[in-house]
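*Asks:* Structure for the following, please:
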Amino acid sequence: MAPLVPSAGARLHLLRRLLSTATEAVAEATEPSAAAAAPAAPAAANANANANAKAWSKGSRLLYRRLSALGSAGEGSVSRVLNKWVREGGTPRVDDLVRHVKELRKYKRHAHALELMDWMVNARGMNMSHTNHAIRLDLIYKVRGLEAAENYFAGLPDPAKNHRTYGALLNCYCTAKMEEKAIDVYNKMDELGISPSALCINNLMSLYMKLGRYGKVDSLFEEMKVKNVKPDSLTCCILMTSYASSNKIDAIEGLLKEMVEKDVSLGWSAYSTLASIYVNAGLVEKAESALKKLEGLVGDDDGRQPFDFLMSLYASVGNLSEVNRVWDVIKAKFSKVTNTSYLGMLQALYKLNDVDRMKQIYVDWESSYEIYDVKVTNMMIRGHLKLDMTEAAESLWEKAKEKGAEFDSKTCELFLDHYMGKGDIKLALSWVENMIKLTKKAGKLDQNKIHKFQKYFEEHKDADGAERFCNCLRTLGCIDGKAYESLLRTYLAAGKKSRSLRQQIKNDKIEICYDIGKLLKRMGDKGQ
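*Replies:* This is a model prediction of the structure:
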């Protein structure tokens, strides 16, 4: 029987998962290449990183702890920490500072990493190596945009324009989906005699994956063969995902055989990608076989991430016993279980509808977390609401509030969707009002939700509710003429009048069109 092929939605999910990590591969040799579906550095690279970390001086460790503690602090915070550290007698060493930059990048603290590099150059006059120029260029792109990255590259001395910095610029263009500029850089590297690397070609492959041009991915693989460029684990991951997206599941086994023949070392991340593809294609036995290979390749230095992927993928094939076994491995192997792993376990159990086990894991997390993470509570709320356990979800949130927790946009979205699904518009409105209180910018409501609210208020002649809802729309930047037409119809249905509505419409810079004008007149507002 021919294998099932993944649905378009499943393929898109897998593709996004691949590209979100593939594009993190920066074109410079000292950084480990990104893994596809599950990013991980090779064991040797991680071992080296760990050995280097052990070599950090006590002062350097203290400095990194201070930098790490900055969290989401804004511009200038890194410089203040560094200057204070120097005043206290700290000795800035280039190697240590670059390690800190790489750690901050690993956790996507790009603005802090860039500020640290800027401080190295501007405040301390440290020289950038070619490798560090490539890292800095990548950070400039992520923080300040493409034009700033292009200007930085243009200002580099000619000797610094080598395979690392050209590769970093190529990565910027590929990430930005700028095919023409990416190809120009790739051709320029060829003109300069810079041999193509697997990393550069992987970046181009990732670009064409984003553009949905899978034939170009195949062409680049053929080019690698012609130019004797040895593929790596990421190349294999991209090709596997390309085949899955083109419904060529059968071609994957042939690809794996070719990788073995080329002596390509496939890490656990390659088998995570393979398992994901088989899961999405409904090939459960093949998926579980890939997961066994995945687990067998996990080294002592690979950290928790492989196990988080294992839990998720075993849940996707409905294997609760394996999810629980992997969780036990995590708890036995690591002295401290992170919020990320707790969240991953809850997500796995959510897929399996095991709310009782979710409760056990959540209670365990509550008794052990060092830093509160609302995402973990949201996942538990989601599990309750999925099974229509509304009171349990509300109680959970009340207890979290008592401990000083604050909701986020996801919390609001969960309760909003739940109450709308139950037809309880009044409670749903209260969560829209919670949404607009968030310090971070809240997302806009979709038109379907807006229409349901408006229809309810008109049918129930609830002018006060309609006005509260319009206030929410105004704060969310969603107020428009249709919203005012609904509000006016609700006022008329309720027999309510307002002398300030015309002015409010003008204040919101909404044109008083024929329909709005007609409704205003029906309310007795003759205009000016």
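*Asks:* Low-confidence ranges, the stretch 51-200 of the chain, go.
*Replies:* 51-57 (pLDDT under 70).
*Asks:* so how far is the helix or strand harbouring residue 150 from its chain's centroid?
*Replies:* Secondary structure from DSSP states H and E places residue 150 in helix 146-154. How far helix 146-154 lies from its chain's middle: 25 Å, per Cα atoms, centre = their mean, to the nearest Å.
*Asks:* now for that helix, which elements pack on it?
*Replies:* helix 130-144, helix 163-175 (3 or more Cβ pairs under 8 Å, 6 or more residues apart in numbering; DSSP states H and E). Placement of C-beta: from N, CA and C, glycine included.
*Asks:* Residue 509: which of these is closest?
*Replies:* Among those, helix 130-144 comes nearest to residue 509, with 32.6 Å by Cβ to Cβ.
*Asks:* gap between the two ends of stretch 62-76?
*Replies:* Its start and end residues considered, stretch 62-76 measures 19 Å (Cα to Cα, to the nearest Å).
*Asks:* for it, which positions count as buried?
*Replies:* 63, 64, 66, 67, 70 (16 or more other Cβ atoms under 10 Å).
*Asks:* how about the nearest residue to the last one, chain neighbours excluded?
*Replies:* The one in question is residue 70. Spatially, and ignoring its direct neighbours in sequence, residue 70 is nearest to residue 77 (5.1 Å; Cβ to Cβ, 6 or more residues apart in numbering).
*Asks:* Could I get the contacting residues of residue 377?
*Replies:* The contact partners of residue 377, taken as Cβ atoms under 8 Å, 6 or more residues apart in numbering, are 362, 396, 397, 400, 405, 411.
*Asks:* Counting neighbours, what do you get for residue 220?
*Replies:* Neighbour count for residue 220, taken as other Cβ atoms under 10 Å: 22.
*Asks:* nope, residue 80 is what I was after
*Replies:* Neighbourhood size, residue 80 [other Cβ under 10 Å]: 12.
*Asks:* Work out for me the element it sits within.
*Replies:* Residue 80 belongs to helix 77-87 when elements are defined using DSSP H and E.
*Asks:* repeat for residue 205
*Replies:* helix 198-210.
*Asks:* For residue 364, see how far away residue 339 is.
*Replies:* Per Cβ to Cβ, to the nearest Å, residue 339 is found 12 Å from residue 364.
*Asks:* what's the answer for residue 235, then?
*Replies:* Residue 235 sits 40 Å away from residue 364 when distances are taken as Cβ to Cβ.
*Asks:* Mind checking which of these two has more residues around it?
*Replies:* The neighbour comparison of residue 235 against residue 364 (other Cβ under 10 Å) goes to residue 235, with 27 against 14.
*Asks:* Please give me every residue in contact with the more buried one.
*Replies:* 198, 201, 202, 205, 221, 224, 264.
*Asks:* Which helix or strand in the chain has the lowest average pLDDT?
*Replies:* Within the chain, no helix or strand scores below helix 43-54, which has a mean of 43 by mean pLDDT, DSSP states H and E.
*Asks:* Which is the succeeding secondary structure element to that one?
*Replies:* Per DSSP H and E, the helix or strand that comes after helix 43-54 is helix 58-68.
*Asks:* Give me the contacts around that next one.
*Replies:* By Cβ under 8 Å, 6+ apart, helix 58-68 touches 56, 78, 81-82, 85, 90-91, 93, 96, 99-100, 103-104, 112, 116.
*Asks:* Now flag whichever of these is closest to residue 285.
*Replies:* Using Cβ to Cβ, those come closest to residue 285 at residue 103, 40.1 Å.
*Asks:* Please list all residues in contact with the closest one.
*Replies:* 64, 68.
*Asks:* The residue nearest to residue 70 and residue 386, how far apart?
*Replies:* Distance of residue 77 to residue 386, computed by Cβ to Cβ: 40 Å.
*Asks:* what's the answer for residue 297, then?
*Replies:* Distance from residue 297 to residue 386, by Cβ to Cβ: 34 Å.
*Asks:* Mind checking which of those two has more residues around it?
*Replies:* Each of residue 297 and residue 386 has its neighbours counted (other Cβ under 10 Å); residue 297 has more, 18 against 14.
*Asks:* Show me which pair in the contacts of residue 235 is furthest apart.
*Replies:* Spatial extent of the contacts of residue 235 (Cβ to Cβ) is set by the pair 205 and 264 at 14.8 Å.
*Asks:* Give me the distance between residue 496 and residue 485.
*Replies:* Applying Cβ to Cβ, the value for residue 496 to residue 485 is 16 Å.
*Asks:* let me redo that: residue 301
*Replies:* Distance, residue 301 to residue 485, by Cβ to Cβ: 62 Å.
*Asks:* Can you give me every residue that contacts residue 469?
*Replies:* Residue 469 neighbours (Cβ under 8 Å, 6+ apart): 429, 432, 453, 454, 457.
*Asks:* And it, which helix or strand is it part of?
*Replies:* Going by DSSP H and E, residue 469 is part of helix 463-476.
*Asks:* what's the distance between whichever helix or strand comes after that helix and the middle of its chain?
*Replies:* Using DSSP H and E, the helix or strand that follows helix 463-476 in sequence is helix 481-494. Distance of helix 481-494 from the chain centroid (Cα atoms, centre = their mean) equals 40 Å.
*Asks:* and what of stretch 210-217?
*Replies:* Remark: stretch 210-217 is offset 22 Å from the chain centroid, using Cα atoms, centre = their mean.
*Asks:* Enumerate the positions of it that are buried.
*Replies:* In stretch 210-217, counting by 16+ other Cβ under 10 Å, buried: 210, 214, 216, 217.
*Asks:* and if you look at stretch 148-168?
*Replies:* Burial within stretch 148-168, assessed by neighbour count using 16+ other Cβ under 10 Å, is assigned to 149-150, 152-153, 156, 160-168.
*Asks:* re earlier: tell me the one among the contacts of helix 58-68 nearest to residue 269.
*Replies:* Nearest to residue 269 among those is residue 103, at 20.2 Å by Cβ to Cβ.
*Asks:* between the helix or strand harbouring that closest one and helix 58-68, how many degrees?
*Replies:* Element membership of residue 103, judged by DSSP H and E, is helix 94-106. Interaxial angle, helix 94-106 versus helix 58-68 (axes from the mean of the first three to the mean of the last three Cα atoms, to 10 degrees): 30 degrees.
*Asks:* show me what contacts residue 311?
*Replies:* Residues near residue 311 by Cβ under 8 Å, 6+ apart: 323, 326, 327, 344, 345, 348.
*Asks:* Can you name the element that comes right after the one helix or strand residue 359 maps to?
*Replies:* Following DSSP H and E, one finds residue 359 within helix 355-366. Moving toward the C-terminus from helix 355-366, the next helix or strand (DSSP H and E) is helix 374-386.
*Asks:* Tell me which residues are up against the helix or strand that that following helix is followed by.
*Replies:* On the C-terminal side of helix 374-386, the closest following helix or strand by DSSP H and E is helix 390-402. Helix 390-402 is contacted from outside by 374, 377, 380, 381, 384, 385, 407, 411, 414, 415, 418, 422, using Cβ under 8 Å, 6+ apart.
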